[in-house]
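In: generate a structure from the sequence data that follows.
(4 chains)
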Number of protein chains: 2
Amino acid sequence: MARNVKIKTARAELDMTQKALADAVGVSRQTMNAIEQGNYNPTIRLCRAICKVLGKTLDELFGEENDDER
Amino acid sequence: MARNVKIKTARAELDMTQKALADAVGVSRQTMNAIEQGNYNPTIRLCRAICKVLGKTLDELFGEENDDER
DNA sequence: CAAAAATGTAATATATACTTGACAAAAATT
DNA sequence: AATTTTTGTCAAGTATATATTACATTTTTG
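Out: Coordinates of the predicted model:
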């Protein structure tokens, strides 16, 4: 189900906790967790916000999901 | 409110109608129209599907929305 | 190793993405 | 210029992204 390890890694690089990222991005901790877990199909606005905070591009963090996630 | 002219352009390059793109992507024509109109905050999965059909990257079609869209 | 912090996960509730149907206006076709 | 196709938009409904509360487990820290 496509765990998003790229977010986890980028977060680690900045030494940010899931909660810190969630707060920075204006979303609940559970939502951030679910996104990293690959259980979510977030909106583009949220993806953009995450990219902005983590200093990555959309393609870097959310590119090519080949599998059939929900 | 940030009309997405990039999608419109990419669509024109392929000589696709809004309906054709909507069908190819598995979404209603109204939804595609609203996205081009900038009234929507689509999910990343839909964005990926649009990119795939139009042969563009996420960054190309959905990068940097600076303005305060909804 | 114990305590604290961070993470994974579930249930219920709410906001909003997306659908369907319908109609008007604009653009393209003949 | 008339007809058809495409686009823009609205209203009401359904599906799902996200919030909140809560608790168990894992990881980190003292």
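In: and chain A, which of its residues are near DNA strand D?
Out: Residues of chain A lying near DNA strand D by Cβ under 7 Å from any atom of the strand: A:26-31, A:34-35, A:40-43, A:45-46, A:70. Bear in mind the C-beta positions are built from the backbone N, C-alpha and C, glycine included.
In: now, of the residues you listed, which are buried?
Out: Among these, the ones that count as buried by 16 or more other Cβ atoms under 10 Å in any protein chain shown are A:27, A:31, A:35, A:40, A:42, A:43, A:45, A:46.
In: got phi/psi on the third one?
Out: Geometry field for residue A:35 lists phi and psi as phi -60, psi -50, criterion degrees, to the nearest 10.
In: list the contacts of the spatially closest residue to it that is not a sequence neighbour.
Out: Distance criterion Cβ to Cβ, 6 or more residues apart in numbering or on different chains; nearest residue to residue A:35, sequence neighbours excluded, is residue A:42 at 5.5 Å. Applying Cβ atoms under 8 Å, 6 or more residues apart in numbering or on different chains to residue A:42 gives the contacts A:31, A:35, A:50, B:43, B:44.
In: after the helix or strand residue A:32 falls within, next one along is what?
Out: Here residue A:32 sits within helix A:29-37, counting by DSSP states H and E. Proceeding N to C from helix A:29-37, the next assigned helix or strand is helix A:44-54, under DSSP H and E.
In: near DNA strand C, which residues of chain A show up?
Out: Residues of chain A lying near DNA strand C (Cβ under 7 Å from any atom of the strand): A:11, A:17, A:18, A:19, A:29, A:30, A:33, A:34, A:36, A:37, A:43.
In: where's the second one relative to residue B:37, distance?
Out: So the one you mean is residue A:17. 38 Å (Cβ to Cβ, to the nearest Å).
In: which residues are in contact with the helix or strand harbouring residue A:6?
Out: Residue A:6 belongs to helix A:5-13 when assigned by DSSP H and E. For helix A:5-13, the external contacting residues (Cβ under 8 Å, 6+ apart) are A:17, A:18, A:21, A:35, A:36, A:50, A:54, A:55, A:56, A:60, A:61.
In: cheers, nothing more for now.
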